[in-house]
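Undergrad: this is a predicted model, with the sequence first.
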Amino acid sequence: MTSDVYFEDIEQEIIKLLHSSKVSVQICVAWINGKIFTPVLKEIAKKGVNVELIYDNNHSNIRHGVPSSPEYSSYAINTRLSGAFMHNKFCIIDDEIVINGSYNWSAKAKDSFENIVVIKNNFKLIKKFKTEFADLISYCHAFSTHKVAKCKCGSHLFNLGVLGQESGLYDESRVEIWSVCVKNQHVKYVGEYHEQYLRTQLGLQYDLDEYYDSPKDEMQDEFKREREVIASLQQYFDSLSGTKIHAVGSVSPINHNEYMQGWEPDLNYEIYIRWRDMYFRKIIPESIPDDGYSFDEVNINSIISSQVEI
């Protein structure tokens, strides 16, 4: 595992690393200059490297970017908000190298004070970049079909699927669907379904006693399994009532150890989000804390209370 940082001759270093690729190149950049990088991408594609490019769909890339080609896959990202950008600047090479930093892959970037960090064989980190890359491709495919509903208070709404705990001989569980207001956490019960062995069916439970020839193989298998779980979650909820699900979570205690040690008298809970639709990622938090019981209205506590005895 090594890392190095570059402040000069960055363009040359990027091109050198691209030419070193043997299997795959995944580029995710806000700006990219076609005159500089199109010949490089075509050359490495011709030697059998699988090349994928994600870029922000802005005026500069439309005029001066890398044109579409059957030799590589390209994805132009439109953002949900008009003033926002797909502002990443990273590249994954052969699932072994990550290039990341401030440097835009543009013609003028070399005139600015910029940097890149080149990280090799840090597979835990590489998997995180691969996840972001895959999420952005999914976001690109589904962008035109998305729209954000509004709550009566004017805030955004999202639909949350809640996976209940399994119990009994047949691992029975209850799956609930709720509509949740982002800002004021107004919630509305949509429906529920009763399942058996659901977590096994979705791939959330699996054996961990596998042997891998290398850390890279282990990372790639973990990544593949995670993507399969995401696909299973989406497929499962799509097969239900027809309500589009934007996030999937489960109710979990946040102070289990403290409670077991007797340091705290009660268990406190949150809704842990297992998956978020990329389109709603800036809206939906990674976890939703309990907001306490309300006598007047249904709230987050209502979701938690429906899953556990408080």
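TA: Good, I have the coordinates.
Undergrad: list phi and psi for the nearest residue to residue 185 once chain neighbours are set aside.
TA: Setting aside the residues directly before and after it, residue 185 is nearest to residue 300 in space (C-beta to C-beta, 6 or more residues apart in numbering), at 5.1 Å. The C-beta positions use only the backbone N, C-alpha and C, and glycine is treated the same way. Phi and psi for residue 300, reported as degrees, to the nearest 10, are phi -60, psi -40.
Undergrad: for residue 229, same thing?
TA: Dihedral angles (degrees, to the nearest 10) for residue 229: phi -60, psi -40.
Undergrad: burial count for it?
TA: 18 (other C-beta atoms under 10 Å).
Undergrad: report pLDDT for it.
TA: Note on residue 229: pLDDT of 92.
Undergrad: neighbours around residue 4, how many?
TA: 10.
Undergrad: that older thread, how close does the residue nearest to residue 185 sit to residue 225?
TA: Going from residue 300 to residue 225 by C-beta to C-beta, to the nearest Å gives 30 Å.
Undergrad: quick one, what contacts residue 19?
TA: By C-beta atoms under 8 Å, 6 or more residues apart in numbering, residue 19 lies in contact with 40, 43, 44.
Undergrad: again, but for residue 140
TA: Contacts of residue 140 by C-beta under 8 Å, 6+ apart are 54, 75, 76, 77.
Undergrad: which of those residues fall within strands?
TA: 54, 75, 76, 77 (DSSP state E).
Undergrad: what segments of the chain are helices?
TA: With helices called from DSSP state H, the chain shows them at 10-19, 34-46, 59-64, 123-142, 198-202, 215-238, 256-260, 300-307.
Undergrad: nearest to residue 161, of those?
TA: For the helices of the chain, the distance to residue 161 is smallest for helix 215-238, at 5.2 Å, taking C-beta to C-beta.
Undergrad: check which helices and strands that closest one sits against.
TA: helix 123-142, helix 198-202, strand 269-276 (3 or more C-beta pairs under 8 Å, 6 or more residues apart in numbering; DSSP states H and E).
Undergrad: centre of the chain to it, how far?
TA: Distance of helix 215-238 from the chain centroid (C-alpha atoms, centre = their mean, to the nearest Å) equals 12 Å.
Undergrad: can you list the residues that contact that helix?
TA: By C-beta under 8 Å, 6+ apart, helix 215-238 touches 95-96, 121, 123-124, 126-127, 130-131, 134, 161, 177, 198, 201-204, 206, 210, 212, 243, 245, 248, 274-275.
Undergrad: hmm, back to that, can you tell me which of the contacts of residue 140 has the most neighbours?
TA: residue 54 (24 neighbours).
Undergrad: that residue reaches residue 73, doesn't it?
TA: No. Shown here, residue 54 and residue 73 do not form a contact pair, counting by C-beta atoms under 8 Å, at 9.2 Å.
Undergrad: re the thing from before, a markdown table please, covering the helices and strands packed on helix 215-238 and showing distance to residue 64 and mean pLDDT.
TA: Formatted as a markdown table, the helices and strands packed on helix 215-238 follow (distance: least, C-beta to C-beta, whole Å; pLDDT from 0 to 100):
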| stretch | distance to residue 64 | mean pLDDT |
| --- | --- | --- |
| helix 123-142 | 20 | 95 |
| helix 198-202 | 44 | 88 |
| strand 269-276 | 33 | 93 |
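Undergrad: quick one: which of the ones you listed is nearest residue 12?
TA: That would be, of the helices and strands packed on helix 215-238 and by C-beta to C-beta, helix 123-142, which comes in at 22.4 Å.
Undergrad: can you give me the buried ones in the closest one?
TA: Under the neighbour-count criterion of 16 or more other C-beta atoms under 10 Å, helix 123-142 has 123, 126-127, 129-130, 132-140 buried.
Undergrad: returning to what we had before: of the contacts of residue 19, which is the nearest to residue 66?
TA: residue 40 (9.6 Å).
Undergrad: tell me who's in contact with the closest one.
TA: Residue 40 touches 15, 18, 19, counting by C-beta under 8 Å, 6+ apart.
Undergrad: how about 7 Å then?
TA: Contact analysis of residue 40 by C-beta atoms under 7 Å, 6 or more residues apart in numbering lists 15, 18.
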